[in-house]
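Peer 1: here is my input; please provide its structure:
(chains A and B)
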Amino acid sequence: MNEKYPFSEIEAKWQTFWRDQGLFETDVEKASRKFYCLMMFPYPSAALHVGHGRNYIIGDAVARYKKMCGFETLTPMGWDAFGLPAENAAIKTGTHPRATTLNNIATMKRQLARWGICYDWRREVTACLPDYYRWTQWFFLQFYRSGLAYKSHAPVNWCPSCNAVLANEQVIDGQCWRCETQVTEKKLDQWFFRITRYAQRLLDDLDQLPGWPERVKTMQRNWIGRSEGAQVEFRLVPRADGQPDPHPAITCYTTRVDTIFGCTYMVVAPEYEALPALVKGLPEAPAVAAFTEKSGRLTAIERSGDTLEKNGVFTGRKVINPYTGETIPLWVGDYVLTGYGTGAVMAVPAHDTRDWAFARKYHLPIRLSIQNPEQNLVLETLKEAWTEDGVLVNSAHFSGQTSVEARASMARFAEEKGFGKATVNFRLRDWLISRQRYWGAPIPIVYCPDCGIVPVPEKDLPVLLPDDVEFRPTGESPLKRCDAFMNTPCPKCGKPARRESDTMDTFVDSSWYFLRYLNARDDQQAVNTKLCDRWLPVDQYIGGIEHAILHLLYARFFTKAIHDLGLIHFNEPFAHLFTQGMICKRSEKDGQLYKMSKSKGNVVSPDELISDYGADTVRLYTLFIGPPERDAEWNDQGIEGASRFLRRLWRRVCETHPNLDAAQGIACDPQAMDDIERNLHRRIHETICHVTESMDSDFHFNTAIAFIMELVNALDGFPLAADRPQRGAVYREAIETVVLLLSPFAPHVAEELWMELGHPAGSILKTSWPQHDPTALVRSRVEIVIQVNGKVRGRLEVDAGLSQEALREIALAEPTVQKFIEGKTVRKAIVVPDKLINIAVG
RNA sequence: GCCCGGGUGGCGAAAUGGCAGACGCAACGGACUUAAAAUCCGUUGGCCGAAAGGCCGUGAGGGUUCGAUUCCCUCCCCGGGCACCA
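Peer 2: Numbering: from 1, shown residues only, chains lettered A, B, ... in the order given. Next up, the predicted model:
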């Protein structure tokens, strides 16, 4: 055995061994105790850095642990390979996106292997290859057929830098999620997925995901934004000039129908569709037109946020409050959003802060209709709106009801009288999936002058993305300029027709890839129902928090939609989700901490580190850096610690090789042990206990590794004695345990040491994970802490299991304790058996 | 504004009602060496003290408790989510 830890030799050797033995290739047909361990598949952008590594190292550790626990583990990997960066690079350099992408994939695959991260590569999926996107297109067709995909002319988010539209989920603070450019609004014909049809189920089923972080579920709940309220129709007072209206009433949505007796005016959004017709020919019409035109110039971003001053004008029209029969004015105001509810709100200034501000500005009447519990709200002295629930006042026969009672009874009343009803509203909007870019899956639709929108027949899939396309961005889809692609006979009538020129959002590709791993090479069907039903939901999904809404919401939607197509029989794709924190690094320029990324120029490449220290060291440090769910700062010096530890362990095995060999086959017998041996034996089992627990719960491998380090430290100066076989046996047990417990984190060195310990056949992965022996944890002597008034004044070693009385006696007799209780009365002594005594004196 | 995290040595952090700072980094002192690296031994929260020892200390203030980093209340700071959603 080489004294100097020869990591590069070892690592190359075992990586080859794992690959040649197919240790990570899973027979999905016959697995009985299955474990599906999935990591979010990456976008193949250039090369991986150590920040990416965290995700895969955690996943690899979990997979290896589960294998040793006897699970048949499925760990596949693939590539989210469509997307803008490759296309943008192509525009700059002229290299085709396919070439860059496939190149990057090869690099990243090599990097993963050098890291010792193993996958079942026979199941690799690559989203940009026709054998994958063919089925992405197939799902589009199924969605189209079931009404889940539809085309609509709508105002959409436009990123002028990406030259493409964005879904709502992809706009962060008014900026493009990818390039942080300010998003503008455009009205375009676009394809949507009707995710709103699943809003309620997407919300409800979150409760069936106890294995998800609460934080992610909360974010999804907020995003879906369900609210319960009522729709109420306010009839329009007919026009004086006798002109007809497009509809006789304006419907508003409110969550506070209990306040409606305090409603003193109504407001519609500037974009309210019937507004021009409602005011046509009235003296107010020009002012209304001027106002809507002006607010239309503001972007959606400028209009959102409560900082903007609320503006509005009177429309000249009046409506009737159906509860009071009262006539109130109809205004148009820029604080009303067109996309939410009905685009019209009833205004109750006394009980809504926004209505309050608007009414004060335009001197509209304010009326109290809710009283607070103290009964001290007085209109004349009201300084701001009272927006909490209370008891109804000035509300006819509803007066005296609580807000909660009134919301139910008043909705019922509206329904009986026929002017309204209780309704539910969602904030979630449909998912816009068209992209005016080249490097994506073509939308399988043909436009025929005679037949209109015609879906491409399934037998004609895939609609191949042509290679030879000028993809310089013009704001129009590049495919439009490719006649060979665009011109196609209508699948229905055969006459010349044109293809859809947009491609699909890449989030569509990633919404179903976890199903495809089960039958990645199957060219007959998109998914294999039987295998999916057996292997999914995914047992453990691991990825970044940045997908809390985006990918994780879309994937849940796809799963439900595919379930409803009858292709799978589960409703949720991921049973347990773990979101790891980002690896950050201080910028050399400004000293600030940033997420490690190429654009920030603070990436650390694994390649050089692995060459210098070895993959096991890099893995160990990455896991040791801190609790995995939290962000962490990468510190190049920190890696020294991990390196020292592995070298120390290596040397220890080397130097005590004869002792270890001699102890082989000698069983650990606690009955035959002396105190030294029993203490080490206990430590061994405490360590097993702790490491196993972190494996099964929160993945806090930082403390798991610390425990293993402590066990190794405990071996320093351990007195090996030739005449005591149990010495060697316990020592050997310690080393074997360290190697086994370390193997998910530092697999190469673990394999090598395991072999050195005399297990020549096969892999440590085939060995069982160690079990702790509860009897080994029992101590016969314990250290008792003695406190006086909560302050530590001494400690004592005593036999375990002494009675409270006995411990009290012993403690009070201690000279150091005497000093602190002298001349004082002992009021109380709290005894925590085998742990602590606190004497309260005064 | 609402909701969720977080705030502990020089640094990454540990402890979830019972010894604050495990484990690691860095620093310092020592051993080995011609020297350096590597390795090994030791010190390392602050203040007082020659030492024994004492006092203080987990963002701030208050509370509950024999005992609080941990539970409760108020506030401050940092990060994230939602936000004119009626």
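
Peer 1: okay, now the domains of chain A?
Peer 2: Domain assignment for chain A, taken from automatic domain parsing, gives A:137-194+A:436-507, A:227-425, A:636-776, A:781-841.

Peer 1: export those domains to CSV and tack on mean neighbour count and distance to RNA strand B?
Peer 2: For every residue, glycine as well, the C-beta is placed using N, CA and C. Shown next, in CSV, are the domains of chain A (neighbours: other Cβ atoms under 10 Å; distance: least, Cβ to the nearest atom of the strand, whole Å):
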stretch, mean neighbour count, distance to RNA strand B
domain A:137-194+A:436-507, 18, 6
domain A:227-425, 17, 3
domain A:636-776, 18, 3
domain A:781-841, 15, 3
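
Peer 1: can I get the ones you listed in JSON lines including mean pLDDT?
Peer 2: Rendered in JSON lines, the data for the domains of chain A read as follows (pLDDT from 0 to 100):
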{"stretch": "domain A:137-194+A:436-507", "mean pLDDT": "89"}
{"stretch": "domain A:227-425", "mean pLDDT": "89"}
{"stretch": "domain A:636-776", "mean pLDDT": "93"}
{"stretch": "domain A:781-841", "mean pLDDT": "85"}
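
Peer 1: closest to residue A:111 out of those domains?
Peer 2: domain A:636-776 (15.6 Å; Cβ to Cβ).

Peer 1: if I look at the closest residue to residue A:443 other than its chain neighbours, how far off is residue A:695?
Peer 2: Distances taken as Cβ to Cβ, 6 or more residues apart in numbering place residue A:500 nearest to residue A:443, at 4.4 Å, with adjacent residues excluded. Going from residue A:500 to residue A:695 by Cβ to Cβ, to the nearest Å gives 49 Å.

Peer 1: who are the contact partners of whichever residue of the stretch 451-600 of chain A sits closest to RNA strand B?
Peer 2: Nearest residue of the stretch 451-600 of chain A to RNA strand B: residue A:549, at 6.0 Å (Cβ to the nearest atom of the strand). By Cβ atoms under 8 Å, 6 or more residues apart in numbering, the residues touching residue A:549 are A:169, A:219-220, A:223.

Peer 1: between these, which is nearest RNA strand B?
Peer 2: Of the contacts of residue A:549, the one sitting nearest to RNA strand B (Cβ to the nearest atom of the strand) turns out to be residue A:219, at 4.1 Å.

Peer 1: please identify which helix or strand holds the closest one.
Peer 2: Using DSSP states H and E, residue A:219 falls within helix A:214-224.

Peer 1: what helices and strands are in contact with that helix?
Peer 2: helix A:199-204, helix A:550-564, strand A:577-580 (3 or more Cβ pairs under 8 Å, 6 or more residues apart in numbering; DSSP states H and E).

Peer 1: which outside residues touch the helix ranked longest in chain A?
Peer 2: Assignment by DSSP state H gives helix A:675-696 as the longest helix of chain A. Contact with helix A:675-696 is made by A:62, A:65, A:668, A:670, A:673, A:700-701, A:703-704, A:707-708, A:710-711, A:714-715, A:718-719, A:724, A:726-727, A:730-731, A:733-734, A:737-738, A:741, A:744, A:769-773, A:776-780, as judged by Cβ under 8 Å, 6+ apart.

Peer 1: narrow the residues you listed to those in helices?
Peer 2: Using DSSP H, the contacts of helix A:675-696 in helices are A:62, A:65, A:701, A:703-704, A:707-708, A:710-711, A:714, A:726-727, A:730-731, A:733-734, A:737-738, A:741.

Peer 1: how about the strands in the stretch 401-550 of chain A?
Peer 2: Shown for the stretch 401-550 of chain A, the strands assigned by DSSP state E, counting those that start in this stretch span residues A:420-425, A:431-432, A:434-435, A:445-448, A:452-455, A:487-489, A:496-499, A:503-504, A:540-544.

Peer 1: partners of the helix or strand just after the helix holding residue A:219, with directions?
Peer 2: Next along the chain after helix A:214-224, taking DSSP H and E as the criterion, comes strand A:227-236. Here strand A:227-236 has these sheet partners by DSSP bridges: strand A:249-254 (antiparallel), strand A:312-320 (antiparallel), strand A:420-425 (antiparallel).

Peer 1: what residues are up against the residue in the stretch 401-550 of chain A that RNA strand B sits nearest to?
Peer 2: Nearest residue of the stretch 401-550 of chain A to RNA strand B (Cβ to the nearest atom of the strand) works out as residue A:427 at 4.0 Å. Contact analysis of residue A:427 by Cβ under 8 Å, 6+ apart lists A:223-227, A:340.

Peer 1: which elements pack onto the helix or strand where residue A:73 lies?
Peer 2: Element membership for residue A:73, per DSSP H and E: strand A:72-74. Contacts defined by 3+ Cβ pairs under 8 Å, 6+ apart place strand A:72-74 against strand A:34-39, helix A:50-68.

Peer 1: now find how far off-centre the last one is within its chain.
Peer 2: The chain centroid and the centroid of helix A:50-68 are separated by 18 Å, computed with Cα atoms, centre = their mean, to the nearest Å.

Peer 1: from the contact counts, what lies against it?
Peer 2: Counting by 3+ Cβ pairs under 8 Å, 6+ apart, helix A:50-68 packs on strand A:34-39, strand A:72-74, strand A:540-544, strand A:577-580, strand A:583-586, helix A:606-613, helix A:615-624.

Peer 1: what packs against the third one?
Peer 2: Contact here means 3+ Cβ pairs under 8 Å, 6+ apart; on that basis strand A:540-544 packs against strand A:34-39, helix A:50-68, strand A:577-580.

Peer 1: with the fifth one instead?
Peer 2: For strand A:583-586, the helices and strands in contact under the criterion 3+ Cβ pairs under 8 Å, 6+ apart are helix A:50-68, strand A:593-595, strand A:632-633.

Peer 1: turn the ones you listed into a markdown table, including mean neighbour count and distance to RNA strand B.
Peer 2: Putting the helices and strands packed on strand A:583-586 into a markdown table (neighbours: other Cβ under 10 Å; distance: least, Cβ to the nearest atom of the strand, whole Å) gives the following:
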| stretch | mean neighbour count | distance to RNA strand B |
| --- | --- | --- |
| helix A:50-68 | 24 | 13 |
| strand A:593-595 | 15 | 9 |
| strand A:632-633 | 17 | 5 |
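
Peer 1: can you map out the strands along the stretch 151-300 of chain A?
Peer 2: Under DSSP E, counting those that start in this stretch, the stretch 151-300 of chain A gives strands at A:164-166, A:171-172, A:175-176, A:184-193, A:227-236, A:249-254, A:265-268.
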